[in-house]
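Chemist: Sequence plus the predicted model coming up.
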Amino acid sequence: MADDPATPAATDAATPPAVLRAAFDRLHGRRLHGFSLLLTLGNRALAGRLTAEALAAGAARSEELRHPERAAAWLRARVVAAMPRRHHAPSPEEERAALDPLGADPAVVDGLADLGVRQRAAIITADIERLDPRDVETVVGRRGAGLERLLVGARGRYVVAYAAVPLASRRDPDAGPLVRRIRAVAARTLT
């Protein structure tokens with residue numbers, strides 16, 4: 001049975017690295033890049049580099065990352081860990097061009113910008129992407145009560161920063177799924 005080419009181990013061993021990388025990219029690339037864009041607040045160059053590095057590392061560990069959801073969390077954790085403390089902030093035009101397609105209006109960006117990297121990653125994975133709590137734990141490196149404290153603090157700071165943005169610069173509430181999810185988080189936090 002071990003020599004059967006249909007078994008996963010035999011298939012992976014025979015699969016060239018470039019094919020594994022392409023499969024990993026297809027499966028995770030788009031959403032991971034969206035996560036990276038939100039995390040970097042629209043810095044396309046940094047988001048692209050962080051995404052590419054995480055995908056390359058994931059393809060190299062494809063045997064260990066068989067479950068797509070657990071792989072998604074592992075990849076995001078790599079992006080968070082590689083996020084530099086200081087980086088070039090995109091111009092407002094660059095930021096808008098990068099984040100508008102994701103549905104992130106100025107209020108969403110200001111809310112996320114007021115958070116630290118781990119808080120931002122927690123909000124993005126828990127409330128925007130709605131990953132399983134185990135996966136959020138993996139992404140931010142906190143478990144149980146520590147994760148809950150991180151999320152409560154992040155949601156509170158996010159709501160204050162979001163609310164400070166004038167209504168005129170906010171996107172139509174029906175503009176997209178990201179805006180609807182974030183507004184739902186804000187509403188839950190305020191109640």
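Modeler: Alright, I've got the coordinates. Remember, predicted model here, so these are calculated numbers, not experimental data. Numbers count the residues shown, from 1 in each chain.
Chemist: Quick check: buried residues in stretch 154-171?
Modeler: Residues Ala154, Arg155, Arg157, Tyr158, Val159, Ala161, Tyr162, Val165, Arg170, Arg171 are the ones in stretch 154-171 that count as buried (16 or more other C-beta atoms under 10 Å). (C-beta placed from N, C-alpha, C; glycine too.)
Chemist: what does stretch 123-143 give?
Modeler: 123-129, 131, 135-140, 142.
Chemist: May I have the phi/psi pair for Ala113?
Modeler: Main-chain torsions, Ala113, degrees, to the nearest 10: phi -70, psi -20.
Chemist: That one: neighbour count?
Modeler: Neighbourhood size, Ala113 [other C-beta atoms under 10 Å]: 15.
Chemist: what about the helices in the chain?
Modeler: Secondary structure of the chain (DSSP state H): helices at 8-14, 17-39, 44-60, 68-82, 92-99, 106-113, 117-123, 133-140, 144-163, 177-190.
Chemist: Out of those, name the one with the poorest average pLDDT.
Modeler: Ranked by mean pLDDT, those end with helix 8-14 at the bottom, a mean of 49.
Chemist: Please name the nearest non-neighbouring residue to Ala113.
Modeler: Distance criterion C-beta to C-beta, 6 or more residues apart in numbering; nearest residue to Ala113, sequence neighbours excluded, is Leu41 at 5.5 Å.
Chemist: ok, the most centrally placed residue in the chain - contacts?
Modeler: The C-alpha lying nearest the average C-alpha coordinate of the chain belongs to Phe35 (C-alpha atoms, centre = their mean; 2.7 Å). By C-beta atoms under 8 Å, 6 or more residues apart in numbering, the residues touching Phe35 are Arg76, Val79, Ile124, Thr125, Glu129.
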